[in-house]
Structure formats: structure tokens, C-alpha cells
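Enquirer: Sequence and predicted structure, then a few things I'm wondering about:
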Amino acid sequence: MKRNKSKKSRKKNGTTDFAKFPIKSLESKAQALIAASKWREAILACKELVKRQPAEGYLDSLAQAYRGRAEALLVKGYVQEALVIVENMREFCGIQRSQAFCVRLFFKARRWSELVEMYRSDLEPEIKQAMETRFAAARLAGEITSADCLPEDSAVETGFENASAALDAYCENRDEDVRTLLRGISFRSPYRDFSLILKALLCLQSDPEQAGKYLGRVAADSPFSALVQGVELASMEPIFFWRQKTSEARRSWAAALKGLSEEQYTRLKRLSCWNAEKQMSSLLASPADFDARLVRHFCEPRLPQIPEQCVAFSNAFDVNARDQLRLNAQFFECHGCFELAACEWQQYADDLAKSLGPIARNSLELAEIYGHMGDLALQDEEWIEDIDASNCFSHWQKSLDFGPRDRETYLKLFSYLEKFGSDGKKESNRLLKEALVYFPDDMQLLNMMVDAASKRLAFKMACKYAIKLLDVDPNNVETRMKLVRAQLGHTHKQIKAGRLTLAQKELDLARGYSSGSVLVEMISASQALIFVRKGLKKSAEEELASGWDNLKNNPADRIALLLECRNLGLASSFKSRMNIWTKTLNKTTPTQDAILRFLAPILKQDDWSDQSGDLIEELHRFFVAGARLPLGQAVFEDLCENMCAWEMYRLLTAYAREGWRQYKRSIFSFYQVVAKTENGDRPLTDKQEQKLDAALQLAEDQEDEEAVARIAMFLTRNSWLKKEHFLEFFKQMASEDGLPFMDPFEKNGIPF
Amino acid sequence: MNCPYTVLGIGDDADDAVVREAYLALVRANPPESRPQRFQEVRVAFETLQTEKKRIQHRLFHFPEEPPKFEEFAAAVTQNCQPDRPERHHFQALLAESACHFGTQEN
């Protein structure tokens, strides 16, 4: 408290009482205050110095402090206060005002009489010239008049009449007069920049390049450059025009140049300060003040949030009963009430159908409404997870009844049938055929048709549509493969039925479609099969041998041939040849193509067959060597996962080891143990348990939650550890990391 | 937020041909190299109204997730204005503002 009191005694009106300072320390204090730009205190200190030692030349320091204070006030926009300080400086220091600073200050304060007085005195020529341009601008602005006593023979006064008349002529669209008047403004005139701007404005629309040249010649520090910036503002895209921070005068000038009327601009400015409801209320009261469609466009999407304005909206736009239903529907959609929205749309559709009468059958509008209702029903179903309701299907069907030429609706129906349809395939085929009547060249629909027909073993139909597809896109290799596959499917059907001559014909067709480029191995194997069935074993062997030789550069195709021979039952007839081929392949360097084309898809459940499983076992060395290829971490993980599922532990050992070597991910360490223990069929050794512990820790470090959960699950199943131990461990980890605990088993869908 | 009909300068009952004609005229007047924003706006409007189906969809279901902002409305109003000349008092207000700045560039 005592300390505070003493502090208080040192302060007088918030400033230090310098009267108590010894002269020496006051002098250094004043200098320090000036150096620190503490002008207010510096003035007091210097004043005290001047008072005590008038002869010591402290007036300069006082003037410096006054000037600093005035500058600081000017920067803050306190013009009048700055002027007072300057007057004090003159009174106390008895020195002349600093020219440039005072001119700036007086311009800021609009003290025209003082400025004219200064202009008449001896000023530096550069300052005088700069003042002239500002006087010219102020004269045109009406800020000063001839009564302000600018010398009559000054350039500002002599050029004013011409410039002012030119401005009037420009505003009144008298372009020729403008040009004539501008000729009277000389190069040295303070109105020179103004003249350039008027010239630019005259050609702004017709020759923007020339206008740009004129504007480019206006000096950046000229008061007329505000007009240049106004032109720049007006040339901005409207959205940026409104976003740009600028003065009111400049935006107003630019808005006028853009063509906004005074009333529109003022109204827009006022509206921009209001909230949405007040804006809507004002706009809806007189929508014709602006483009009525724009007003509607602005107001309509706000109705669901501001339903109080619905009546005003209906009155403003003469909303009819059907439109009202549409607005209601949109209101419900916005609030997620799709069922209620559908009711409104249904009423809309009924009313429309009634008004259209017999021509309603071709109403695109009805088709669109039903399509939309289907979309809403699907949203509703997804939301409530009730796939039983097939509203969307019936709405889309109805939509197609009204407007069958709607590809998107067909695609929606296919997708729905694939997901939810109980009798999906049959219905899909019917719709596909229907869709292809309207869109015969649609590649997506044709592709769907080929796939669907192949799945149904309707190979001839698949071929028909694949050929159509190739007509549209002849270079599509995938389509060509589908065509050859379908044709071979049909060939095999004939072979099975014992129609070998017909089978040969079909195979020749397949060969033609293949053009020796796709699925040649399958064609070879099929040809061999026909020979075998015909009892021509030697020809069959020659065919296979030739096929094999032709594929010598492509191990992937050779595997395909081996697999096809197995699938067609040829392997038993040519056992020794198959053995030789298998051995050859096992010595071949594997390719990425062979791994990705065979191992990966075969291991996926869809393509798995006993034949393929056996072949992978026989080609063990080939596929093990393939593990050394840089297949990518995701491929390795995928392969290990599938090998684990198909219990191919020998291969898994190789791929898990390589995966670990290449990527150092914990999951590969885990797969190594899985392979060694045959997924837990063999008891875990201490070493393996330690390895899993390390993998678990690493998975934690790598933030691989799935790996953590899998390893933990494996350990609980195959060691003395139980789920509770791990949950405890995870809880501890989460609390150490400051995170909320989540059961990783549940989170990753790993069941216990 | 500009209304596509307003952007293209066509009536609510315009058919495919009218939409196309208006679009081509506007694209010629607003090439993408010199007026990319306007070109984009015209392009979007054309794509919204190109076919009868799209026009019906726009009329029935056009409902932006976010209502347009007021500045977008103001921009759309401004976009549809024809360039004009400021009046004398506009010039005077702007020059009065700039004449009192001396020495330093103040915007």
C-alpha cells in the first residue's frame, strides 16, 4: 500500500511530475522519452527544461517532441488534435511549421484557407506542384471555390473551366464535346491526369486496351488515381466488386460505372446490413425493384428456414396450389422428413396428371417427379435401414412408365435390384433388354448385358452384345476377352453335348474373335480338348505343345494354359507333359503379371477351385520366387490374408517373410507366426510368443489398430492370455496417450 | 447464385434452340480467356437448362444446400446491369476524398 501511495505522488494526471527532477536527470529523461517516442511526456519534460534553462537551446528538443506527437495523432486520424499541437509548437518554440508535414496535415484537415496561404508563400517547387494537383481535384470536387482566393492566373484556376465543362459533357454523354474540351487541357496542367482519365472512360467499352494505356499514365500519387482505382474496381467480377474493401465514395462511383442505379445501389447497401429475414421481407415487398427472378432465386431457398415469409413470398410471386405443394415438399426435404415430402409430391403428381388428362402418359414432368420420389424413398430407407419397403423401386418404375428414355433411372433400378431385389436377376434382365431398346449403343448397359448373360451361361446372347460393344469401341481389349470367353463357353457347351463338328466351328469363331491376341492359351486347350474327344490324341498333344511354345515369353499365359488344361480335364491325358511344364515353370523367373493375374485372383474366394489350389501347390517354387518381387504392401497383405484363409502355410511363410523384409510392418511378423503354427493348430513356442509380443508393441507404435486387434485375438486364442488382459493393456495405453478408450476388437469387427 | 434464365437472358418458356442460341451468343461475347468467371457462369447456366429434362429438374428440384448469400444476390444484380456513366456528384465525392491525401498513398 505504501508503495502504491508513493507511486501516486509521482503522477499528476497520469504523467510524471518533472518539476521535482534535478536538471541533469531531467535532460537525460527527456532524451530517453524522445528516443522511445513517448511524445506526450517528452513535451512535458522538454517544456520543464525550457522553463528552467531558457538559454540552453532546449527548444529544438521541444519542437521535435511536438512534431512527433502531431505525427502520431495524424496517423491515428486525430487531425484536429494534431493541428492544435502544431499551433502549440509555433507558439512555444517560435519556429516555422515544417512544410511538407503541415501541408499534409492541412490537406487532411481540409484547411483550404491555410493551404492557399501556404501556396502563396515560398514553398519548395515540388510541394507546390503536388498541391496544385490536389487543388485541381478539390476544385472539381467543389471543395474549394474561386472565392478561396487561389491566384486567378494559377494553373488550377485557368484550367478549371475546361475540365469542369469536360466532366459535365462526359456525364451528359456528349462525347465529341468532351474530346474538344480535353484538347484545351495542356500537358503541364494540374488537370492533366483528369484529362487522361476522361479519355480512358470514353473508350472503356469500345477499346479497353487503349483505355488501359491512358489509365497507366496517371501517376500513382495523383489525387486522380482514385478514379483509376475506381475503374479497376468496376472491372472486377461482381462478387469481388462487393467483397473488395474500399471507401464508400469509390464503390459508389464504380457501381455507377457498372450501371447500378443510385436507388439500387443505396438499397443494396442498406439490405446488406440487415439479417436474412429483414432482407427477404424488404425484397418481397417490391420484387420488381430488382430482377424478380433473382429475388425469387434468393428468397425461395430461405423459406424452409424462415417460414414466416411464406405468405409474403406467395403474394409476391402469385404462387399457385401446385407450386405451394412443391414448396411444402422442399420444406419437408430440407428438414429430413422424406415421407412427408413424398406425400406432397404425390399430390403434385396427381394434380398434374389430372390437369394433363390423356397426354399425361408422355409427361416428362411426371416422370421426373416419380423419379425424385424414388430417390426420396431410397434416402428414407437408408436412413431407417428398412430395405423391406420397395417404394423406390415402384416409383422409379412409374417414372419409366412416363418417360422411358431415362438412362439414370434404369441404372438406379439395376443398382437397387443388385442390392435388395429378391428376384433381381430376372427383373434385371427384363429391364436391361428394355433399356437397350432405347439406348442400343450405351456401353455401360451393353457391358452389363454381356456380364449378365455370361453369368446365366447364355453365351450366344453374351457374344451378340459383346460384338455390339466392339462395334462401338473396337479397341477395347477387355470386351474382346469377354467375347472370346463367351464364345469358348458356347464351344464347351457343344463339346459337352458331343456336337464336335459344331464345337469346332464355334472354336474357329472364337479364334477369329481373338485375332491371336487374347486368351490364345484357352483356345489352344479347347482345341486340344476337341481333338481328344475326336480320338486324335497326337493332334491334341501337338496343339498343346505348339500353344505352350507360342507362350514362351509369358509365364502368366503358360500358367493359364496349365490351369485351363486342368479345368477341361486334359491334365490326366497328358500327365507327363503337364509335369514337364510344371517343372519348367518352377525354374522360370516369375513376373509381377503372373502373380497379380493368378495368385491374387485365384486366392480370392470367387475364383478358387480345387484345380487352382492344386496348381498353386505344384507351382510352389515359382510362386515362392515371386515373393521377392516389389508387389506393394497392400498386395502383400492381401496375399497373406488369402493364403491364411486357404491354409497355404508354406507359401504364407515366404510371403510374410518377404513382406516383413520389404515393409517392416507388424502384420507380416504376425503372419510368420501364423504360418509356423498353422494358424494356431500347433502350440505356440516361447520364442513365437515373444515374437508376437514384439509385433503387438510394434503395431501399437505404428498405430495399426487392425494389426493390434488381430495379434491380440490370436494370442488370446493360443496362449494363456485372455481378452481381459488385452483390454486392460489397451486401456492403459489409451490413458497414457490421453485418449478415450475404445474396444479395438469391437472397433475392427474382430469377434471373440 | 445467379438465376440461369437471367444469366442467359431468356424467358422461362425457352426451348432447347433458344437456350443454345443464347448460350452461343454469350460465349462469343465472353470468351474464357478474357472473362473466365463470366464464361463459367454462362456455361453453368447452359448446362442447367440445356434440355427439357434439365429445365424441369431445375424448376422442380433446384434447391441449394446453402441458401445464397446476400453478396451473391448483389453480385447477380450487378452482373445483369449494363455499364453506364457515373454522375458529376459521384466524381465529386471521390475527388473530395482523394484531394485531401497528400504525400502518402492512402486508399
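Expert: Alright, I've got the coordinates.

Enquirer: can you pull the contacts of the residue positioned nearest the centre of chain B?
Expert: The centroid of chain B falls nearest to B:Gln79 when counting by Cα atoms, centre = their mean (3.4 Å). Residues near B:Gln79 by Cβ atoms under 8 Å, 6 or more residues apart in numbering or on different chains: A:Pro238, B:Asn2, B:Val7, B:Arg38, B:Glu41. Heads up, the C-betas are built off the backbone N, CA and C, glycines and all.

Enquirer: Please work out how many residues are found near the residue nearest to the fourth one when sequence neighbours are not counted.
Expert: It stands for B:Arg38. With sequence-adjacent residues excluded and distances taken as Cβ to Cβ, 6 or more residues apart in numbering or on different chains, B:Arg38 is closest to B:Asn30, at 4.3 Å. B:Asn30 has 17 neighbours, counted by other Cβ atoms under 10 Å in any protein chain shown.

Enquirer: Who wins on neighbours among the contacts of B:Gln79?
Expert: B:Asn2 (25 neighbours).

Enquirer: ok, A:Ser281 - contacts?
Expert: With contact set as Cβ under 8 Å, 6+ apart, A:Ser281 has these partners: A:Gln309, A:Ala312.

Enquirer: residues in contact with the helix or strand hosting A:Phe101?
Expert: Under the criterion of DSSP states H and E, A:Phe101 resides in helix A:99-108. Outside helix A:99-108, the residues within contact range by Cβ under 8 Å, 6+ apart are A:67, A:70-71, A:74, A:79, A:82-83, A:86, A:114-115, A:118, A:123-124, A:127, A:131, A:134, B:99-104.

Enquirer: The helix or strand following that helix to helix A:99-108, inter-axis angle?
Expert: The helix or strand immediately downstream of helix A:99-108 is helix A:112-120, counting by DSSP H and E. Counting by axes from the mean of the first three to the mean of the last three Cα atoms, to 10 degrees, helix A:112-120 lies at 150 degrees to helix A:99-108.

Enquirer: Any part of helix A:112-120 near chain B?
Expert: No: Helix A:112-120 stays clear of chain B (Cβ under 8 Å from any Cβ of the partner chain), getting no nearer than 9.2 Å.

Enquirer: which ones are touching the residue lying closest to A:Ala525 once chain neighbours are set aside?
Expert: Closest residue in space to A:Ala525, ignoring its immediate chain neighbours: A:Glu564 at 3.9 Å, by Cβ to Cβ, 6+ apart. Counting by Cβ under 8 Å, 6+ apart, A:Glu564 touches A:Glu521, A:Met522, A:Ala525, A:Ser526.

Enquirer: Report the secondary structure state of the spatially most central residue of chain A.
Expert: In chain A, the residue lying closest to the centroid (Cα atoms, centre = their mean) is A:Ile239, at 20.1 Å. Under DSSP: H, G, I helix; E, B strand; the rest coil, A:Ile239 falls in the helix class.

Enquirer: Return the distance of the closest residue to it other than its chain neighbours relative to A:Gln244.
Expert: If the residues on either side of it in the chain are set aside, A:Ile239 comes closest to B:Ala75, at 4.2 Å by Cβ to Cβ, 6+ apart. As for B:Ala75, its distance to A:Gln244 is 12 Å (criterion: Cβ to Cβ, to the nearest Å).

Enquirer: that older thread, which of the contacts of helix A:99-108 count as buried?
Expert: Buried by 16 or more other Cβ atoms under 10 Å in any protein chain shown: A:67, A:70-71, A:74, A:79, A:82-83, A:86, A:114-115, A:118, A:123, A:127, A:131, A:134, B:99-102, out of those.

Enquirer: In terms of model confidence, name the weakest of the contacts of B:Gln79.
Expert: Lowest in pLDDT among the contacts of B:Gln79 is B:Asn2, which has 70.

Enquirer: Make sure that residue is actually in contact with A:Leu294.
Expert: Yes: the criterion here is Cβ atoms under 8 Å, and B:Asn2 meets it with A:Leu294 at 7.2 Å.

Enquirer: Overlap in contacts, the two.
Expert: B:Ala76, B:Asn80.

Enquirer: how far out from the middle of the chain is stretch A:516-525?
Expert: With Cα atoms, centre = their mean, to the nearest Å as the basis, stretch A:516-525 stands 46 Å off its chain's centre.

Enquirer: which SS state does the residue nearest to A:Ala525 fall under?
Expert: Following three-state DSSP, A:Glu564 is assigned to helix.

Enquirer: OK, contacts around the residue nearest to B:Arg38?
Expert: Contacts of B:Asn30 (Cβ under 8 Å, 6+ apart): B:Arg38, B:Phe39, B:Val42.

Enquirer: Chain neighbours aside, what residue packs nearest to the last one?
Expert: The shortest distance from B:Val42 to any residue other than its chain neighbours is 4.5 Å, reached at B:Leu26 (Cβ to Cβ, 6+ apart).
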